[in-house]
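K.L.:
model this:
(2 chains)
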Protein chains: 2
Amino acid sequence: MAVQSKFNVGPWKVQGKVDYQKLISEFKVRAVDSKIKLRLQRIVGTPHLFFRRDVVFAHRDLDLILDDYESGRGFFLYTGRAPSMGMHVGHLLPFFITKWFQDKFKVNVYIQIADDEKFLSGKNYSLNDIRKFSYENILDIIAIGFDPDKTFIFQDSEFVAHLYPLALRIGKSLNLSQLRSVFGFVGSTNAGLLAYPLLQIAAAMLEKRRCLIPAGIDQDPYWRLQRDIADELGFYKAAQLHLKFLAPLTGIEGKMSSSKPEGAIYLTDGPKEVKRKIMKYAFSGGQPTLDLQRKLGGDPDVDVSFSWLSFLFEPDDQTLGRIRQEYRSGKILSGELKDMLIARLNDFLSVHRSRRDDAKSLVNTFKATGELSAKALTTIHE
Amino acid sequence: MAVQSKFNVGPWKVQGKVDYQKLISEFKVRAVDSKIKLRLQRIVGTPHLFFRRDVVFAHRDLDLILDDYESGRGFFLYTGRAPSMGMHVGHLLPFFITKWFQDKFKVNVYIQIADDEKFLSGKNYSLNDIRKFSYENILDIIAIGFDPDKTFIFQDSEFVAHLYPLALRIGKSLNLSQLRSVFGFVGSTNAGLLAYPLLQIAAAMLEKRRCLIPAGIDQDPYWRLQRDIADELGFYKAAQLHLKFLAPLTGIEGKMSSSKPEGAIYLTDGPKEVKRKIMKYAFSGGQPTLDLQRKLGGDPDVDVSFSWLSFLFEPDDQTLGRIRQEYRSGKILSGELKDMLIARLNDFLSVHRSRRDDAKSLVNTFKATGELSAKALTTIHE
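P.N.:
Sure, this is the predicted structure:
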């Protein structure tokens, strides 16, 4: 990776405790400050939880996105994922904020299912396995509540012909040295991965308007390259919202990983499994004994249950403030915090499961027949 | 390029006089010997001119192709080109021999129009320019007389989605080091060209039978990689026929090039243009004066007109032998050899122009509705 530090953030891995201030300076992105939050508030009312809780910690050109909105030119959103066997709660972050922008600004959303990247970067999955993952992941994404006529969900392996001419132009504008310096490609890197970035960059150019990409900052190398060549190819530089990673249950380090299942809550986990995992694994900021906890209080800043409530499951800012204060003072115990999270999480998952069932009848709408999807499938991007 | 020598033969350039014996040993291919010619003769009768005149000078696994034919398993043919503004006579060589194999063995032919490669390796053409070239080149190819129900002509940018899953598997099996050593990729190589070989290799795996590829030996690096990974992916190693390059008019060196128009006869050149070019440019093996020519004779081995008659325009072996002997003895003069070539070439081009006009109504058959094409367009290759 070009960006090396004690934490390792690149498109294919995230390890160690993430220092977000350092990321802002290393990646040369801008902190989401009160000025831009106030501007958002002025335009659409109270900003999303992720802005209020600094889950969206950095951006590029969000101000230009708002300029484009106010000038009437508009913008579009793009996000996506490399499909995995099961999605966990942390995977939903970019989709939540993407849906919020769609709701507030009434804009088009393009969601890329990078089945190709998954195949190329994974070890053991066949393309058929990954097609199954893609279908299951698409159900979870639809369940978030996107507008079926303003959202197009595409799998690279199915949509590639539509992106290919644009990918060729991108490919002609980037060289091996650039890819090596941004992605750290080495001799043993497989030839498919060398090519994959062209498709991910192309997806940020699906309209001749500015694209806003909510994503983990580990995806930044793609957008850096997109911004290097956008002008030359007659497109806007992609704007970005960089999201923090939801901490794994096991501690406020790294990002939740499907390959470490004890740290993750899957969207298909039932109530008992959720309770078991949180009770067993959720790292606590509490004291060793009840007495000490009552006397010294807990540390919400390292308590994973508190972190999850803050990121996702306690929407009311005042209530969250009260919980923080009472946990710190010793009034709320770690077990009570866990109970709170278990209840909220199971409520969310219960609704999600039901919406996910309903999503089965909508897959074709989002992939082919919705207004935006139908248009996308008759467009070749150049 | 991995293969360096005084002549430079790689997929993107051919310079200098080609030493075919040296190529055979450097590329580790097999000479087309009398044994395999006799076997061909036994199966289908007199072999094509290109076998009789050593235009097909080397092969890989042609014996296995014939085994597969005789055992009833069968094989298929694949060839193609990067489309150019105009095709010249030299471009037709692989198509002539491909058609002959189709006629004799009644097998499927896949013809790849590498519009992507042309865009990525060329300097100044837009994708739209290249689409026009592709259409024009396809007319010339159809004019050669392929079977419309056993031939599929595809442009990469249109067919990519059908090849992509297979290209991903190929991409996962090859790494950057291999591509660098075979193609000589360097830091400034554009990212699109890094990816392109995956599609060209995929095209040699369009059926689960052995593929025979008639092509210039400059394309060999692709097939070497295909052969490295074929077993692993469950396909046959591609067999090849390596063709000599038709000499440019200006001398028996290198291969005819669209970028040196004085050395090439284009398929759209009219009779006067053909006469002008041959009279002006065709390198002669004759003597400086008529007297010396009559006395010393000419050298057919460096005379381009003789070479073209031998490669393409004098089908009768005895007649060619007589011409060679009479030119060498001084009985036939260089001008007479040129006149002979002009007449034969114009006859050929006159028929070609007419067949090319007829081809306009067949483009859709070869690209979409013919028996093989229709099947290809409903197949995703994995």
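K.L.:
could you pull out the strands for the stretch 51-200 of chain A?
P.N.:
Remark: strands of the stretch 51-200 of chain A, listed N- to C-terminal, are A:56-60, A:75-81, A:109-113, A:151-155; assignment by DSSP state E, counting those that start in this stretch.
K.L.:
turn the ones you listed into JSON lines, including distance to A:D67.
P.N.:
For glycine as for every other residue, the C-beta is placed from the backbone atoms N, C-alpha and C. Converted to JSON lines, the strands of the stretch 51-200 of chain A look like this (distance: least, Cβ to Cβ, whole Å):
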{"stretch": "strand A:56-60", "distance to A:D67": "13"}
{"stretch": "strand A:75-81", "distance to A:D67": "10"}
{"stretch": "strand A:109-113", "distance to A:D67": "20"}
{"stretch": "strand A:151-155", "distance to A:D67": "24"}
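K.L.:
out of those strands, nearest to B:I144?
P.N.:
When these are ranked by distance to B:I144, counting by Cβ to Cβ, first place goes to strand A:151-155 at 38.2 Å.
K.L.:
quick one: mean pLDDT for the closest one?
P.N.:
Model confidence over strand A:151-155, given as mean pLDDT, is 98.
K.L.:
gap between A:I278 and A:L49?
P.N.:
A:I278 sits 21 Å away from A:L49, going by Cβ to Cβ, to the nearest Å.
K.L.:
whoops, I mixed them up, A:E70
P.N.:
Applying Cβ to Cβ, one obtains 24 Å for the distance of A:E70 from A:L49.
K.L.:
the more surrounded of those two?
P.N.:
Of the pair A:E70 and A:L49, A:L49 is the one with more neighbours under other Cβ atoms under 10 Å in any protein chain shown, namely 21 against 10.
K.L.:
show me the contacts for the more buried one.
P.N.:
Shown here is A:L49, whose contacts under the criterion Cβ atoms under 8 Å, 6 or more residues apart in numbering or on different chains are A:55, A:312, A:315.
K.L.:
could I get these in JSON lines, plus columns for distance to A:K123 and pLDDT?
P.N.:
Compiled in JSON lines, the contacts of A:L49 are given as follows (distance: Cβ to Cβ, whole Å; pLDDT from 0 to 100):
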{"residue": "A:V55", "distance to A:K123": "31", "pLDDT": "96"}
{"residue": "A:L312", "distance to A:K123": "31", "pLDDT": "96"}
{"residue": "A:P315", "distance to A:K123": "39", "pLDDT": "94"}
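K.L.:
can you count the residues close to the closest residue to A:R131 other than its chain neighbours?
P.N.:
For A:R131, the nearest residue in space outside its immediate sequence neighbours is A:D115; the separation is 6.8 Å by Cβ to Cβ, 6 or more residues apart in numbering or on different chains. Counted with other Cβ under 10 Å, the burial measure for A:D115 works out to 26 neighbours.
K.L.:
ok, the one 3 residues further on next?
P.N.:
A count of neighbours around A:K118, defined by other Cβ under 10 Å, yields 21.
K.L.:
I figured it was touching A:L127, is that so?
P.N.:
No: checked against Cβ atoms under 8 Å, the pair A:K118 and A:L127 is beyond contact range at 9.3 Å.
K.L.:
quick revisit: for the strands of the stretch 51-200 of chain A, which one sits closest to chain B?
P.N.:
With Cβ to the nearest Cβ, the closest approach to chain B among the strands of the stretch 51-200 of chain A belongs to strand A:151-155: 10.5 Å.
K.L.:
what's the angle between the closest one and strand A:109-113?
P.N.:
Angle between the axes of strand A:151-155 and strand A:109-113 is 20 degrees (criterion: axes from the mean of the first three to the mean of the last three Cα atoms, to 10 degrees).
K.L.:
which helices and strands sit right next to strand A:151-155?
P.N.:
Using 3 or more Cβ pairs under 8 Å, 6 or more residues apart in numbering or on different chains; DSSP states H and E, the elements in contact with strand A:151-155 are strand A:109-113, helix A:127-142, helix A:371-376.
K.L.:
return the set of buried residues in the helix or strand hosting A:V274.
P.N.:
Secondary structure from DSSP states H and E places A:V274 in helix A:271-281. By neighbour count, with 16 or more other Cβ atoms under 10 Å in any protein chain shown as the criterion, the buried positions of helix A:271-281 are A:274-275, A:277-278, A:281.
K.L.:
stretch A:72-82 near chain B at all?
P.N.:
No: for a cut-off given as Cβ under 8 Å from any Cβ of the partner chain, stretch A:72-82 has no contacts with chain B; the smallest distance is 13.0 Å.
K.L.:
what residues does the stretch 251-382 of chain A have near chain B?
P.N.:
On the criterion Cβ under 8 Å from any Cβ, chain B has as its neighbours in the stretch 251-382 of chain A the residues A:E382.
K.L.:
follow-up on the earlier one: which residues sit in contact with the residue nearest to A:R131?
P.N.:
For A:D115, the contact set (Cβ under 8 Å, 6+ apart) comprises A:82-83, A:127, A:130-131, A:133-134, A:155-157.
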